[in-house]
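>>> Sequence and predicted structure are below.
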Amino acid sequence: MAEPIESWWARRQRSRAAEVPYAPGAYRDAWARYPVLVRQYRPEHNRGLLLSQVPPAADVWLTWLCDVGHLFVATPDEQRHRPGRERRRSSWCPTCAELASPRRLPAVPMDPAPKRPREVAAPRPGPVVDGGERAALLRRVGMSSPSAPPAPRAPRTARAPRRRDQVCDRTPDLPVGEAFSSACAPPPASAVEEQLRADLSAAITFTAGVNAVRLARPFFEHVEAWPDVLLPELRVAVEYDSTGRHGLEHVGHREEADRRKDRALRSAGWEVVRVRTGGLEALGPHDLVVPGLTRSTVPQLLDVFRTVRGDLYVDAWLR
């Protein structure tokens, strides 16, 4: 049964005969898989203890603060199993989850108002027409004879379903592996990517203005890929990966899409170097796992480029 953090910590002090039963950082690697929980944990509401001092399987009540500002209490096990596979922001906070899917109150039947009797006007006598005159009148207003069967309706034209193998035709006909400026490429997703491109441009010379690589096979609906930074002279693509604001990016099925993209680029003759942050693990042999974009990131990337393409070739393009 879960217990408050004060009594849990005192009990662990007695059982371990130590003033600090768990040293800071003891469980840092275990919590690194949950970057959103690391951000939402508040030591000031948890006796000043760090999250890395709490075992992920501890049966203790902890206080959390979601991105919206809701303060709530939950055990580590509840928080680790709350997101599921999709890891939506509302899944990490009970209040946000309730607001995202509010409960519907059952409809209360109401007594219908009494209906007023409808006054029916007496039919007016009309002119007497025989069968031939009736058919002529009906033809005049565009109606068929009552004895004639109704004309069949024209069948609706069904829309052609979108083919799964349909590929965008705006990619230019270029050799596989050629870098070019694509009209389909999305704009840069974050300011960090722009900063990384600027830092690399200040350290090494490469062709600017290209944002796509021609592929041999379709990647989703295009035969092109759009890495964050392209260095055509080295045929190296650089990707900057983080979990994003809500911990949804580059995890789950999106991680599998990153692997597919890397395989497509490598089959086109390019090498991929990913800068992985936010607790993300390396996907490829040359990926960098760093805490964020710092002054040492570009020098580390240059060392990776030298490993991939050779010292003399890379140093020849340095500024």
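Great, that's in hand. Residues are numbered from 1 along each chain as shown.
>>> Please make it C-alpha for all contacts and neighbour counts, starting now.
Fine.
>>> Would you map out the domains in the protein?
Domain segmentation of the chain under automatic domain parsing yields 5-100, 179-315.
>>> For the last one, the averaged confidence score.
Read it as domain 179-315. Mean pLDDT, domain 179-315: 93.
>>> That one spans what distance, first to last residue?
By Cα to Cα, to the nearest Å, the extent of domain 179-315 from end to end equals 22 Å.
>>> ok now that domain, how far from the chain's centre?
Here domain 179-315 is found 18 Å from its chain centre; the criterion is Cα atoms, centre = their mean, to the nearest Å.
>>> re the thing from before, would you convert the domains of the chain into CSV that also reports mean neighbour count?
Below are these laid out as CSV (neighbours: other Cα atoms under 10 Å):
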stretch, mean neighbour count
domain 5-100, 16
domain 179-315, 17
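>>> Let's have the ones you listed in a markdown table, adding distance to residue 168.
Output for the domains of the chain, formatted as a markdown table (distance: least, Cα to Cα, whole Å):
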| stretch | distance to residue 168 |
| --- | --- |
| domain 5-100 | 28 |
| domain 179-315 | 5 |
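>>> ok, residue 16 to residue 24 distance?
Using Cα to Cα, residue 16 is found at 16 Å from residue 24.
>>> typed the wrong thing, it's residue 199
Residue 199 is 35 Å from residue 24, where distance means Cα to Cα.
>>> and stretch 20-32, how far from the chain's centre?
With Cα atoms, centre = their mean, you get 29 Å for stretch 20-32.
>>> Would you work out how far apart the start and end of it are?
Counting by Cα to Cα, you get 22 Å between the two ends of stretch 20-32.
>>> repeat for stretch 33-46
Chord length of stretch 33-46, first to last residue, is 21 Å (Cα to Cα).
>>> that older thread, out of the domains of the chain, the one nearest residue 167 is which?
domain 179-315 (4.7 Å; Cα to Cα).
>>> what about the strands in the protein?
Taking DSSP state E to define them, one finds strands in the chain at 62-65, 71-74, 179-180, 212-219, 222-225, 229-231, 236-241, 271-276, 288-289.
>>> okay, the ones you listed in JSON lines with distance to residue 319 next?
Below are the strands of the chain laid out as JSON lines (distance: least, Cα to Cα, whole Å):
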{"stretch": "strand 62-65", "distance to residue 319": "46"}
{"stretch": "strand 71-74", "distance to residue 319": "51"}
{"stretch": "strand 179-180", "distance to residue 319": "22"}
{"stretch": "strand 212-219", "distance to residue 319": "24"}
{"stretch": "strand 222-225", "distance to residue 319": "28"}
{"stretch": "strand 229-231", "distance to residue 319": "14"}
{"stretch": "strand 236-241", "distance to residue 319": "17"}
{"stretch": "strand 271-276", "distance to residue 319": "21"}
{"stretch": "strand 288-289", "distance to residue 319": "23"}
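>>> Residue 3 is nearest to which of those?
Residue 3 sits nearest to strand 62-65 of all the strands of the chain, at 9.4 Å, using Cα to Cα.
>>> what's the closest one in contact with?
With contact meaning Cα atoms under 8 Å, 6 or more residues apart in numbering, strand 62-65 is reached by 4-5, 40-42, 45-46, 71-76.
>>> now that strand, how far from the centre of its chain.
25 Å.
>>> What average pLDDT does it get?
For strand 62-65, mean pLDDT is 87.
>>> what about the stretch 51-200 of the chain, any weak spots by pLDDT?
For the stretch 51-200 of the chain, the stretches with pLDDT under 70 are 82-92, 97-165.
>>> on that earlier part again, which of the strands of the chain sits closest to residue 205?
strand 229-231 (8.5 Å).
>>> Neighbouring strands - and their directions - for that closest one?
Using DSSP bridges, the strands paired with strand 229-231 in its sheet are strand 236-241 (antiparallel).
>>> The residue lying closest to residue 306 once chain neighbours are set aside and residue 249, how far apart?
Using Cα to Cα, 6 or more residues apart in numbering and skipping residues adjacent in sequence, the residue nearest residue 306 is residue 314, 5.8 Å away. Going from residue 314 to residue 249 by Cα to Cα gives 31 Å.
>>> do the same with residue 22
Distance of residue 22 to residue 249, given as Cα to Cα: 32 Å.
>>> swap in residue 205?
From residue 205 over to residue 249 the distance is 30 Å, taken as Cα to Cα.
>>> same thing with residue 77?
According to Cα to Cα, residue 77 stands 23 Å off from residue 249.
>>> Helices of the protein, start to end?
Using DSSP state H, the helices of the chain run over residues 5-16, 28-31, 35-40, 76-81, 94-100, 131-140, 191-203, 253-267, 297-309, 311-315.
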